[in-house]
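[1] Predicted structure and sequence below. I'll ask about it afterward.
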There are 2 protein chains.
Amino acid sequence: MEFPSRISPRVLDIPIIGKALSDADKASANGLGMILKRYPAHTIITREGDGEDRIFFVSSGWSCIYTDLLSGERQIIDFPAGGDVIGLRTRRSPSRVSFKSITELTVFEMAAKALTSASEHSPTLASRLLSVAARQRAILIEHLTNIGRRSGAERVAHLLLEMGARQHYGQIANINAYECPLTQHDLADALGLTAIHVNRVLKELRQLGLLSFQHRIVEILDLNEIINLTDFSLSYLKYDDFA
Amino acid sequence: MEFPSRISPRVLDIPIIGKALSDADKASANGLGMILKRYPAHTIITREGDGEDRIFFVSSGWSCIYTDLLSGERQIIDFPAGGDVIGLRTRRSPSRVSFKSITELTVFEMAAKALTSASEHSPTLASRLLSVAARQRAILIEHLTNIGRRSGAERVAHLLLEMGARQHYGQIANINAYECPLTQHDLADALGLTAIHVNRVLKELRQLGLLSFQHRIVEILDLNEIINLTDFSLSYLKYDDFA
DNA sequence: CGTTCCCTTGAGATCCGTCAATATTAGTGG
DNA sequence: CCACTAATATTGACGGATCTCAAGGGAACG
């Protein structure tokens, strides 16, 4: 493996990098200028309206992308975690979303231009980027469906199950618990609810024996019932084995 | 312009095709196997779970992509119209969404594989696809924010303004009315509301002098107020002038 | 050991959904 | 052009889910 020395081997765990760059011509890979960075918890990394165009590959930690509304409310679009990619916009027009760390966050960071121009010389990389974009879209569609057509309890259960699966690279079968640094306020802003209602719903889910979320620990108490209740599917979390 | 003769010149109006293919090597363009097709209103074109992988460029007409839930409810993800692209998934795993015409629909249709392999030989085309994906993502994010953090009236007003802008290629300044074939039920399924509530909200918006939607005609009565009420922005609808 | 988030709980108000009935429009066949 | 039908739109009464306001408790952190 011939990677620039400043890129840690851990980067290979990131699907797009591990699979695509190993095929890409080394000239491209070397020119990416990717650096490893560490942000403290609760740091705004990219602000809405920034002209800046960077791309981030999350190595470890939790984060969120969100938009602020005029009303002062916040809509969280996603909680990217290890393996996720942020900033895959390739757009000149300033983004309306901000990007913030929730825990301490370790990312591989690079200029968007570097990646897009590299992708012009590496069809494999371009394909891989499209595949990542497709996965992100699938996740976003699930999120939209969750907010649009499910009750508060279903929304919370679905999101917590999804986050558990994403923490474990798309597996849920053997998870009965995972650590989750999100606050009830974070959940509310992601799910179109208020924090107070999220609190009540969590209590209800706990009493029903479905799941428990206390002291940063999510416990899956009855996986089958949750899957049933929320119509949960794993398939949308998969990366494409795009030929 | 050297296009396969079976492709109508109208295809050039579609941003991705008009701008990308004219640059792409002609071999790619000729190999796309794109055909023009016409579907009657209310026809399911692609069903959830289809293994089939086609890509559609809408030439004219309205359509929707949606998912059906176990509960029998429906979540509409988007209403693609002229110039939009459907099926840009590049995924093997079957899609969870269906695609349906609302009015009579004219599309340019091709195998997904043909486009992805063409994009491997045309960096410009690949970039253009990423740009289209970015725009779709921006629209989806706005939709999510709309459902998650706005009241019924705001949701309806925002969606109807967006659709007006998309019908007019991203302009709203000079629109005071447009034809909209969506039913109140369609709006409800897109906005996470019931048709009955959409009806009441439309009445309210009409009485407030903001907008009117009757007999398939949307009239923008007070554009500035609507923009104000819904925090509407045009920027997310733009295609990227991606270098 | 105090300050600041975060969580928890209650009471009342509001938005929106459900159920039910009717009116209006669009489509179809005669 | 009319009669019939189905889809769509409209309205009212009622109930439920969620929000708002308010207060207090617990956990984390300097």
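    Sure thing, it's come through.

[2] and the spatially most central residue of chain A, helix, strand or coil?
    Centre of chain A computed as the mean C-alpha position; nearest residue by Cα atoms, centre = their mean is residue A:80, 2.0 Å away. At residue A:80, secondary structure determined by DSSP: H, G, I helix; E, B strand; the rest coil is coil.

[3] And it, its phi and psi?
    Backbone geometry at residue A:80, expressed as degrees, to the nearest 10, gives phi -70, psi 140.

[4] what do you get for residue A:49?
    Backbone geometry at residue A:49, expressed as degrees, to the nearest 10, gives phi 90, psi -10.

[5] Can you report phi and psi for residue A:71?
    Reported as degrees, to the nearest 10, the phi and psi values for residue A:71 are phi -70, psi -10.

[6] Repeat that for the one 3 residues further on.
    Phi and psi for residue A:74, reported as degrees, to the nearest 10, are phi -130, psi 140.

[7] Which parts of chain A are helices?
    In chain A, the segments counted as helices under DSSP state H are A:15, A:26-31, A:112-121, A:123-149, A:152-167, A:184-191, A:195-207, A:223-230.

[8] I'd say residue A:197 and residue A:191 touch.
    No - look at residue A:197 against residue A:191 with Cβ atoms under 8 Å: they stay out of range, at 9.2 Å. For glycine as for every other residue, the C-beta is placed from the backbone atoms N, C-alpha and C.

[9] quick one on the thing from earlier: same list (the helices of chain A) but as TSV, adding distance to residue B:224, mean neighbour count and mean pLDDT.
    Formatted as TSV, those follow (distance: least, Cβ to Cβ, whole Å; neighbours: other Cβ atoms under 10 Å in any protein chain shown; pLDDT from 0 to 100):
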stretch	distance to residue B:224	mean neighbour count	mean pLDDT
helix A:15	46	19	50
helix A:26-31	48	16	49
helix A:112-121	35	19	80
helix A:123-149	28	23	88
helix A:152-167	34	22	96
helix A:184-191	29	22	98
helix A:195-207	33	16	97
helix A:223-230	41	17	94
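
[10] Let's have these in a markdown table, adding distance to DNA strand D.
    Written out in a markdown table, the entries for the helices of chain A read as follows (distance: least, Cβ to the nearest atom of the strand, whole Å):
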| stretch | distance to DNA strand D |
| --- | --- |
| helix A:15 | 31 |
| helix A:26-31 | 38 |
| helix A:112-121 | 33 |
| helix A:123-149 | 10 |
| helix A:152-167 | 3 |
| helix A:184-191 | 7 |
| helix A:195-207 | 3 |
| helix A:223-230 | 13 |
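
[11] which stretch among those comes nearest DNA strand C?
    When the helices of chain A are compared for distance to DNA strand C using Cβ to the nearest atom of the strand, the nearest one is helix A:184-191, at 3.4 Å.

[12] how big is the angle separating the closest one from helix A:123-149?
    Direction vectors for helix A:184-191 and helix A:123-149, defined by axes from the mean of the first three to the mean of the last three Cα atoms, to 10 degrees, enclose an angle of 100 degrees.

[13] Give me the residues contacting helix A:184-191.
    Applying Cβ atoms under 8 Å, 6 or more residues apart in numbering or on different chains, the set of residues contacting helix A:184-191 from outside is A:64, A:66, A:73-77, A:79, A:102, A:143, A:146-147, A:152, A:155-156, A:159-160, A:193-195, A:197-199, A:202, B:148.

[14] list residues touching both of residue A:197 and residue A:191?
    With contacts taken as Cβ under 8 Å, 6+ apart, residue A:197 and residue A:191 have residue A:152 as neighbours in common.

[15] quick revisit: near DNA strand C, list only the ones from the contacts of helix A:184-191.
    The overlap between these and the neighbourhood of DNA strand C (criterion: Cβ under 7 Å from any atom of the strand) consists of A:195, A:199, A:202.

[16] residues touching residue A:232, list them.
    The neighbourhood of residue A:232, defined by Cβ under 8 Å, 6+ apart, consists of A:158, A:161-162, A:226.

[17] got the phi/psi numbers for it?
    Note on residue A:232: its backbone torsions stand at phi -80, psi 140 [degrees, to the nearest 10].

[18] Which parts of chain A belong to which domain?
    Chain A breaks down into these structural domains: A:9-139, A:151-237 (assignment by automatic domain parsing).

[19] Quick check: the farthest pair among the contacts of residue A:232?
    Greatest spacing in those, by Cβ to Cβ: A:162 and A:226 (10.8 Å).

[20] Settle this for me: residue A:143 is touching residue B:143, isn't it.
    No - here residue A:143 does not reach residue B:143: they are 10.3 Å apart, not a contact under Cβ under 8 Å.

[21] Contacts only, for the residue nearest to the centre of chain A.
    Here residue A:80 is in contact with A:58, A:62-65, A:86 (criterion: Cβ under 8 Å, 6+ apart).

[22] I'd like these as CSV, with distance to residue A:182, neighbour count and pLDDT appended.
    Written out in CSV, the entries for the contacts of residue A:80 read as follows (distance: Cβ to Cβ, whole Å; neighbours: other Cβ atoms under 10 Å in any protein chain shown; pLDDT from 0 to 100):
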residue, distance to residue A:182, neighbour count, pLDDT
A:58, 15, 20, 92
A:62, 7, 22, 95
A:63, 11, 24, 96
A:64, 8, 21, 96
A:65, 14, 21, 96
A:86, 17, 21, 90
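
[23] closest to residue B:219 among those?
    Minimum distance to residue B:219 across the contacts of residue A:80 is 35.8 Å, recorded for residue A:65 (Cβ to Cβ).

[24] roughly how far apart are that closest one and residue A:189?
    To residue A:189, residue A:65 is 11 Å away according to Cβ to Cβ, to the nearest Å.

[25] joint contacts of the two?
    Among the neighbours of residue A:65, those also in contact with residue A:189 (Cβ under 8 Å, 6+ apart) are residue A:76.

[26] among the contacts of residue A:80, which are in strands?
    When strands are assigned by DSSP state E, the members of the contacts of residue A:80 inside them are A:58, A:63-65, A:86.

[27] Now residue A:37: closest residue in space that isn't a chain neighbour?
    residue A:109 (5.0 Å; Cβ to Cβ, 6 or more residues apart in numbering or on different chains).

[28] Against chain B, how distant is the one you found?
    For residue A:109, the distance to chain B equals 19 Å [Cβ to the nearest Cβ, to the nearest Å].

[29] okay but that residue is in contact with residue A:54, surely?
    Yes - under the criterion of Cβ under 8 Å, residue A:109 is in contact with residue A:54, at a separation of 5.8 Å.

[30] picking up where we left off before, which one of the ones in strands among the contacts of residue A:80 is nearest DNA strand C?
    Nearest to DNA strand C among the ones in strands among the contacts of residue A:80 is residue A:64, at 12.2 Å by Cβ to the nearest atom of the strand.

[31] who's in contact with the closest one?
    By Cβ under 8 Å, 6+ apart, the contact list for residue A:64 reads A:76-80, A:99-100, A:102, A:186, A:190.

[32] so what's it bridging to?
    Partner residues in beta bridges with residue A:64, using DSSP bridges, are residue A:100.

[33] Redo the ones next to DNA strand C among the contacts of helix A:184-191 as CSV? Include distance to residue A:179.
    Listed next are those as CSV, based on distance: Cβ to Cβ, whole Å:
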residue, distance to residue A:179
A:195, 20
A:199, 19
A:202, 16
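
[34] ok, and the closest non-adjacent residue to residue A:129?
    Leaving out its chain neighbours, residue A:129 is closest to residue A:119 (Cβ to Cβ, 6+ apart), at 5.8 Å.

[35] From residue A:210, how far off is residue A:220?
    8 Å.
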